[in-house]
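Chemist: Provide a 3D model corresponding to the input given below.
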Amino acid sequence: MKLFDAHCHLQDPRIISKAPQLISSAVASGVSAFAVNGVSEKDWNLVKEMGAKYPSVVPCFGIHPWYVAERSPQWFETLKSLFETTPTAAVGEIGLDKGSKGREIDFSDQVSVFRQQLELAKELNKPASVHCVRAFGDLLEIIKTVGPFPAGVILHSYLGSAEMVPEFAKLGAFFSFSGFLMSMSEKKAKKMLKAVPSDRILLETDSPDALPKAESSDLYFVEGDPSLPEEGSSAQDLDSAPNDKSNVSSDSMKFPKETLNHPANIHIVLGYVARLLDIKNEELAELSYRNAVRLFSYAGSKLLLERGK
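Modeler: This is a model prediction of the structure:
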């Protein structure tokens, strides 16, 4: 079984020192690729280095809405030059946020920076990984005016409505799901998942965030995680994780909010989404992997290079 983590942050300061072990154990569990998203000018070079060092890492560069106020006057020129020197890269993480943290950032600034990056993604014919919190109406309007996007737009950790799925899909959107999906009611999540076209579904971890709700015995933990009472490591061989409710028990252990998410926990997300879609884990793994490979096979990408194209 092969899996593709369509959105994560292995360059995050909380886990970067553990990146070699995290990548190694996730790869051993069946994760063959990771789209690692930068969030500001401060981490773009780290992402670039990670992409050069690890064959499994697809580097992505962008300014996340939370870091819009920190951008330098030359941020856009720096970003454009990075894509020139790193043809393997995609665009991300970019987006809009009207949540508790996003409200601290001027929204017109967010829109301006987002639009510039979205237009660049379209110009470069590369997919863009998009963050959206409580701004789906604004997002749809901007995507309509800038799009459509033949190279794809990834609505990462999608928690929007089922009703908006067709509108986003016809503009080129893919829908990526992480452990955050478990914060939505199962009924609402199931309705939304059923609305997503099968050729547009992706899986991700958003590691080190979005720890899925699961029993501790089913989870992989980041060694040395300060939020845990004891150091944790991989809990079990998740290749054999059952496609049933045991992965998301209502009696799941309550971990601190800041508990770090290991990229191998994509297996938990896989099991949960597969159960709500009433399909086998293997079927969803194959489907989501195929979708991700298609999406990340743009000109200059590692995936095309691997296939000798």
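Chemist: ok, longest helix in the chain?
Modeler: The longest helix of the chain (DSSP state H) is helix 107-124.
Chemist: return the set of buried residues in it.
Modeler: Buried residues in helix 107-124, counted by 16 or more other CB atoms under 10 Å: 107, 110-111, 113-114, 116-118, 120-122, 124. C-beta: built from backbone N, CA, C; applies to glycine.
Chemist: can you check stretch 140-147 too?
Modeler: For stretch 140-147, the neighbour count (16+ other CB under 10 Å) marks 140, 142-143, 146-147 as buried.
Chemist: quick one: least confident helix or strand in this structure?
Modeler: Counting by mean pLDDT, DSSP states H and E, the chain has its least confident helix or strand at helix 302-306, which shows a mean of 79.
Chemist: ok, residue 78 to residue 128 distance?
Modeler: Distance, residue 78 to residue 128, using CB to CB, to the nearest Å: 17 Å.
Chemist: so which of these two has more stuff around it?
Modeler: Taking neighbours as other CB atoms under 10 Å, residue 78 and residue 128 compare with residue 128 leading, 28 against 13.
Chemist: for the more buried one, what are its contacts?
Modeler: By CB atoms under 8 Å, 6 or more residues apart in numbering, residue 128 lies in contact with 62, 90-92, 94, 117-118, 121, 149, 152-154.
Chemist: three-state assignment of residue 287?
Modeler: Under DSSP: H, G, I helix; E, B strand; the rest coil, residue 287 falls in the helix class.
Chemist: correct me, but it touches residue 201?
Modeler: Yes: using CB atoms under 8 Å, residue 287 makes contact with residue 201 at a distance of 6.5 Å.
Chemist: of those two, who's got more company?
Modeler: The neighbour count for residue 287 versus residue 201, taken as other CB under 10 Å, is higher for residue 201 (21 against 18).
Chemist: for that one, give the beta-bridge partners.
Modeler: Residues in a beta bridge with residue 201, per DSSP bridges, are residue 175.
Chemist: after the longest helix of the chain, which helix or strand is next?
Modeler: Using DSSP states H and E, the next helix or strand after helix 107-124 towards the C-terminus is strand 128-133.
Chemist: which outside residues touch the helix or strand just after that following strand?
Modeler: In the C-terminal direction, the helix or strand that comes right after strand 128-133 (DSSP H and E) is helix 136-146. Taking contacts as CB under 8 Å, 6+ apart, the residues outside helix 136-146 that touch it are 95-96, 98, 111, 114-115, 118-119, 122, 130, 132, 149, 153, 160-161, 164, 167-168, 171, 173.
Chemist: report the angle between helix 136-146 and helix 107-124.
Modeler: Orientation of helix 136-146 against helix 107-124 (axes from the mean of the first three to the mean of the last three CA atoms, to 10 degrees) gives an angle of 40 degrees.
Chemist: pLDDT on helix 136-146, on average?
Modeler: Across helix 136-146, the average pLDDT comes to 97.
Chemist: and stretch 265-279, by the same measure?
Modeler: Averaged over stretch 265-279, pLDDT sits at 98.
Chemist: ok and the helix or strand residue 92 falls within relative to strand 128-133, angle-wise?
Modeler: Element membership of residue 92, judged by DSSP H and E, is strand 90-97. Here strand 90-97 points in a direction 20 degrees away from that of strand 128-133 (the same axes, to 10 degrees).
Chemist: any idea how far strand 90-97 is from the chain center?
Modeler: Taking CA atoms, centre = their mean, to the nearest Å, one finds the center of strand 90-97 at 10 Å from the center of the full chain.
Chemist: what do you get for stretch 136-146?
Modeler: Taking CA atoms, centre = their mean, one finds the center of stretch 136-146 at 20 Å from the center of the full chain.
Chemist: okay, it in CSV with CA atoms only?
Modeler: Taking C-alpha atoms only, stretch 136-146 is exported to CSV below (Å, rounded to 0.1, in the frame of the first residue of the first chain):
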residue,chain,number,x,y,z
PHE,A,136,-14.8,29.9,1.9
GLY,A,137,-17.1,32.5,0.3
ASP,A,138,-14.2,34.9,-0.3
LEU,A,139,-12.0,32.0,-1.5
LEU,A,140,-14.5,30.9,-4.1
GLU,A,141,-14.9,34.4,-5.5
ILE,A,142,-11.1,34.8,-5.8
ILE,A,143,-10.6,31.4,-7.4
LYS,A,144,-13.4,32.2,-9.8
THR,A,145,-11.8,35.4,-10.9
VAL,A,146,-8.2,34.0,-11.2
